[in-house]
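Peer 1: sequence plus predicted model, see below.
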Amino acid sequence: MKKLISMGIIFILLTPNLFAEVGFKGRPITNNLMMPTGYTLNRGEFIVGIGPVGFGITDNVQVGTNILLFLFQVYNVNLKVNFVKTESQAFAVGLDLNNFNLDVFEEETGFTSVSPYASFSTRVGTNTLLHLGGSYSVFTSDKDIEDAKVESSSSGTSLYTGLEYSFSHKTKFLAEGGYDITFEGFRVGGGVLFGWTKFRLKLGVNYFKPKDVSGFTFPVIGLWWRFEG
């Protein structure tokens, strides 16, 4: 993990002229480390990455998916609608739909989850934004989700909060934490986000400790392009 972060930093330092200097101005981030923020993509904007794909239908409505998860048989789609969007505050609601498999008593079982959520972002300092949010997950299956074997990617009804600190026009430090009510576990993580006009690189680490299960420590790696319409 340390080698990966070091390689990412070296990549940034050695290629400063490949991209424009200012990448975040006028285009707030739509996700913190992992949690959604209160912001959406602007109209006509789209992101294409190693996994995430999204499109801004209007300045306040975006749709997306993560195509990388399809390789792991996690079929997903998401919708996000913003009601307030200023430089200092934003509020949005969204809906995540997922279909995936978990082990229940050593038997692979299919689950479908419907998760509406709300996210609020507000400026608490010149360079700092506070993000607050919560989601409510409903699982459908012929088995009980409480009997399923928890995985590092498991996510249920949750409350979460995050901080976004803008160190420069192209570097942000991210931190967040939360509690998963369904799987009775805490999440905490931190990372750094590098951004130019089009290119984005996120490097971080996250820790998830469900009840009666050994904790999961896993890297957060994001690589995508954000294009204006």
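Peer 2: Ah, there it is.
Peer 1: from Val205, how far out is Gly222?
Peer 2: Separation of Gly222 from Val205 (Cβ to Cβ, to the nearest Å) stands at 13 Å. Heads up, the C-betas are built off the backbone N, CA and C, glycines and all.
Peer 1: buried ones in the helix or strand Arg226 falls within?
Peer 2: Using DSSP states H and E, Arg226 sits within strand 216-227. Judged by neighbour count using 16 or more other Cβ atoms under 10 Å, the buried positions of strand 216-227 are 216, 221-222, 224, 226.
Peer 1: closest one of those residues to Glu151?
Peer 2: Phe216 (7.8 Å; Cβ to Cβ).
Peer 1: ok, so what distance separates the most centrally placed residue in the chain from Phe83?
Peer 2: In the chain, the centroid-proximal residue (Cα atoms, centre = their mean) is Met34; its distance is 3.0 Å. Going from Met34 to Phe83 by Cβ to Cβ gives 22 Å.
Peer 1: for stretch 65-79, what is the average pLDDT?
Peer 2: Mean pLDDT, stretch 65-79: 94.
Peer 1: start and end of that stretch, how far apart?
Peer 2: This stretch, stretch 65-79, spans 9 Å end to end (Cα to Cα, to the nearest Å).
Peer 1: and the contacts of it?
Peer 2: 50-54, 61-64, 94-101, 153 (Cβ atoms under 8 Å, 6 or more residues apart in numbering).
Peer 1: helices of this structure, start to end?
Peer 2: Per DSSP state H, the chain has helices spanning 2-14, 67-70. These are given in chain order.
Peer 1: any idea which of the ones you listed scores lowest on pLDDT?
Peer 2: By mean pLDDT, the lowest-scoring of the helices of the chain turns out to be helix 2-14, with a mean of 49.
Peer 1: quick check: closest non-adjacent residue to Tyr165.
Peer 2: Phe173 (4.5 Å; Cβ to Cβ, 6 or more residues apart in numbering).
Peer 1: what stretches of this protein score poorly on pLDDT?
Peer 2: Scanning the chain for pLDDT under 70 picks out 1-23, 229.
Peer 1: hmm, Leu95 is touching Pro116, no?
Peer 2: Yes. Counting by Cβ atoms under 8 Å, Leu95 touches Pro116, with 5.2 Å between them.
Peer 1: tell me the buried residues in stretch 70-89?
Peer 2: By neighbour count on 16+ other Cβ under 10 Å, the buried set for stretch 70-89 is 76, 78, 80, 82, 85.
Peer 1: residues contacting Gly190?
Peer 2: Here Gly190 is in contact with 33, 173-176, 204-205 (criterion: Cβ under 8 Å, 6+ apart).
Peer 1: repeat that with 10 Å
Peer 2: Contacts of Gly190 were listed using Cβ atoms under 10 Å, 6 or more residues apart in numbering, and they are 33, 162-163, 173-177, 204-207, 220.
Peer 1: ranking the residues you listed by neighbours, who comes first?
Peer 2: Within the contacts of Gly190, neighbour counts (other Cβ atoms under 10 Å) peak at Leu33, which reaches 27 neighbours.
Peer 1: the strands in this protein, which residues?
Peer 2: With DSSP state E, the ranges of strands along the chain come out as 46-49, 52-56, 61-66, 75-85, 89-104, 107-125, 128-135, 138-140, 158-168, 171-180, 185-195, 199-209, 216-227.
Peer 1: using a markdown table, lay out those strands together with distance to Ile29.
Peer 2: Shown next, in a markdown table, are the strands of the chain (distance: least, Cβ to Cβ, whole Å):
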| stretch | distance to Ile29 |
| --- | --- |
| strand 46-49 | 11 |
| strand 52-56 | 12 |
| strand 61-66 | 13 |
| strand 75-85 | 13 |
| strand 89-104 | 11 |
| strand 107-125 | 9 |
| strand 128-135 | 9 |
| strand 138-140 | 28 |
| strand 158-168 | 7 |
| strand 171-180 | 7 |
| strand 185-195 | 7 |
| strand 199-209 | 9 |
| strand 216-227 | 9 |
